[in-house]
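S.K.: Okay, here's the prediction I keep looking at, along with the sequence it came from:
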Amino acid sequence: MSKRNVLTGITTTGRPHLGNYVGAIKPAIEASHKDDVQSFYFLADYHALIKCRDPQVVNQSTLEIAATWMALGLDTDEAIFYRQSDIPEISELTWLLTCVTAKGLMNRAHAYKAAVQENIDAGEDADFGIAMGLFSYPILMAADILMFNSHDVPVGRDQIQHLEMARDIAQRFNHIFGEHFVLPEAVVDADVSLLPGRDGRKMSKSYNNTIPLWLPEKQLRKSIMKIVTNSLEPGEPKQTEGSALFAIYSAFANAEQRQEMKQAFADGIAWGAAKQQCFELINAEISSARQAYEALIAEPSKVELCLQKGAVRAREVAAPLMQQLRQAVGIRPLG
Ligand code: TRP
């Protein structure tokens with residue numbers, strides 16, 4: 001049976017929150033158990049450098065994110081789990097791709113365009129403060145993807161353009177140097193609804209409305225108690241639609257629990273009681289993983305060893321392809 005390669009990267013900045021867990025980590029771990037899939041999950045620490053110049057944050061965040069995936073049960077014998085910077089072939093490929101990528105293509109990248117627009121709005125020079133890392137970010141991401149002949153790349157909606165660019169770049173390389181790359185496809189899961197944050201907008205670091213995944217129990221409860229509701233009193237019927245609390249509860253509930261909560265809303269459950277139930281449900285799902293997480297954070301060398309093993313497996317795939325590509329472009333022994 002030929003397997004499909006499924007690959008995704010996680011930028012190592014910031015702390016994982018419930019939105020990351022529900023929207024990305026949990027579905028990815030589930031997908032990795034499928035027989036017809038070889039999954040590649042990696043920590044995009046080179047991508048982190050684009051946004052973050054604090055070495056301690058980059059390092060700590062890599063540890064926390066790796067420990068998160070391990071604690072939540074990623075089978076690292078099955079999935080190939082590695083750190084981008086441990087695979088020198090990725091940087092090498094980035095340059096080969098850079099040499100065939102049209103600058104005009106990069107000019108159209110949303111992230112770059114947004115940064116330019118911000119400058120213009122502020123009356124600055126268009127490229128003020130914009131580093132080449134931000135500008136050519138989509139090429140590094142294309143290298144991540146093409147290096148492992150990825151068929152499917154699960155990503156958020158905001159990354160679709162980057163996948164289109166990866167395909168463009170792959171086609172261009174294939175056209176010039178022969179068929180070397182599989183054309184990857186973005187997989188955007190329509191079922192995985194975006195988890196709202198405490199204020200009802202999408203849960204995101206940039207809105208400062210997240211519920212961090214690994215808060216100690218008491219603080220997790222506190223954070224859930226801060227989910228914004230309205231002033232309806234106990235006994236007054238409440239709407240589930242548009243309720244951040246209901247949406248967050250639902251993301252962790254089975255069909256029956258969801259139905260019960262819906263009924264409780266209609267019957268006028270007190271907000272405090274509904275939040276307590278939400279806390280208990282979430283805590284039950286993650287509390288044993290929290291212990292595993294804390295144990296890993298206390299022993300970073302275990303995480304390091306796991307990543308080193310992952311890097312060996314990843315390079316078994318990357319090195320032969322890189323060898324083939326070097327040949328193809330004419331970088332090979334003389335004579
Ligand atoms: N840019 C992605 C993000 O911010 C992370 C990422 C880096 C990625 N390389 C990737 C995702 C390759 C998928 C495939 O979410």
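M.R.: Good, I have the coordinates. Quantities reported herein were computed from a predicted structural model and do not represent experimental measurements. Residues are numbered from 1 along each chain as shown.

S.K.: Name the residue of the protein that lies nearest to the ligand.
M.R.: residue 9 (3.0 Å; C-beta to the nearest ligand atom). Any C-beta I mention is one placed from the backbone N, CA and C, and that applies to glycine too.

S.K.: these two touch, right, that residue and residue 82?
M.R.: No: counting by C-beta atoms under 8 Å, residue 9 does not reach residue 82; the two are 10.2 Å apart.

S.K.: Report the secondary structure element holding the residue of the chain closest to the ligand.
M.R.: strand 4-11 (DSSP states H and E).

S.K.: Then residue 34?
M.R.: Counting by DSSP H and E, residue 34 is found in no helix or strand.

S.K.: Looking at this structure, which helix is longest?
M.R.: Across the chain, the longest stretch assigned as helix under DSSP state H is helix 300-329.

S.K.: Now do that helix against strand 4-11, angle only.
M.R.: Calculated by axes from the mean of the first three to the mean of the last three C-alpha atoms, to 10 degrees, helix 300-329 forms an angle of 120 degrees with strand 4-11.

S.K.: Does at least one residue of helix 300-329 sit close to the ligand?
M.R.: No: if you take C-beta under 6 Å from any ligand atom as the test, helix 300-329 misses the ligand, and the best it gets is 13.0 Å.

S.K.: still on that earlier bit, who has more neighbours out of residue 9 and residue 82?
M.R.: residue 82 (26 against 21; other C-beta atoms under 10 Å).

S.K.: Count residues in the vicinity of the closest residue to that one other than its chain neighbours, would you?
M.R.: Distances taken as C-beta to C-beta, 6 or more residues apart in numbering put residue 310 closest to residue 82, at 3.7 Å, once the chain neighbours are dropped. By other C-beta under 10 Å, the residues close to residue 310 number 24.

S.K.: you'd agree residue 310 is up against residue 76?
M.R.: Yes: between residue 310 and residue 76 there is a contact at 6.4 Å, judged by C-beta under 8 Å.

S.K.: Which positions within stretch 129-140 qualify as buried?
M.R.: 135, 136, 137, 138, 139, 140 (16 or more other C-beta atoms under 10 Å).

S.K.: Then stretch 194-212?
M.R.: Applying 16+ other C-beta under 10 Å to stretch 194-212 flags 194, 195, 196, 197, 198, 200, 203, 204, 209, 210, 211 as buried.

S.K.: Could you work out the end-to-end span of that stretch for me?
M.R.: Taking C-alpha to C-alpha, to the nearest Å, the first and last residues of stretch 194-212 lie 16 Å apart.

S.K.: That stretch close to the ligand?
M.R.: No: figure legend: stretch 194-212 not in contact with the ligand (C-beta under 6 Å from any ligand atom); closest approach 11.6 Å.

S.K.: Just the residues contacting that stretch, thanks.
M.R.: 14-19, 22-23, 220, 223-224, 226-228, 242, 244, 247-248, 251 (C-beta atoms under 8 Å, 6 or more residues apart in numbering).

S.K.: got the buried residues for stretch 278-298?
M.R.: 278, 279, 281, 282, 283, 286, 289, 290, 293, 296, 297.

S.K.: Which members of these occur in helices, if any?
M.R.: 278, 279, 281, 282, 283, 286, 289, 290, 293, 296, 297.

S.K.: Out of those residues, which two sit at the greatest distance?
M.R.: 278 and 296 (26.6 Å; C-beta to C-beta).

S.K.: and the stretch 51-200 of the chain, which of its residues are near the ligand?
M.R.: Checking the stretch 51-200 of the chain against the ligand by C-beta under 6 Å from any ligand atom, the hits are 141, 144, 145, 153, 155, 159.

S.K.: Name the nearest residue to the second one, ignoring sequence neighbours.
M.R.: In this structure, residue 144 finds its nearest non-sequential neighbour in residue 9, 5.6 Å apart by C-beta to C-beta, 6+ apart.

S.K.: so what's that neighbour up against?
M.R.: Residues near residue 9 by C-beta under 8 Å, 6+ apart: 41, 42, 43, 44, 47, 84, 141, 144.

S.K.: circling back: so the residue of the chain closest to the ligand versus residue 239, what's the distance?
M.R.: 38 Å (C-beta to C-beta, to the nearest Å).

S.K.: just to revisit the earlier point, return only those of the ones in helices among the buried residues of stretch 278-298 found close to the ligand.
M.R.: Counting by C-beta under 6 Å from any ligand atom, no member of these reaches the ligand.

S.K.: Going by distance to residue 94, which of those residues wins?
M.R.: For those, the nearest to residue 94 is residue 296 (30.3 Å; C-beta to C-beta).

S.K.: Now for the closest one: which residues touch it?
M.R.: 67, 70, 71, 302, 303.

S.K.: now residue 214
M.R.: So residue 214 contacts 15, 16, 64, 68, 290, 293, 294 (C-beta under 8 Å, 6+ apart).
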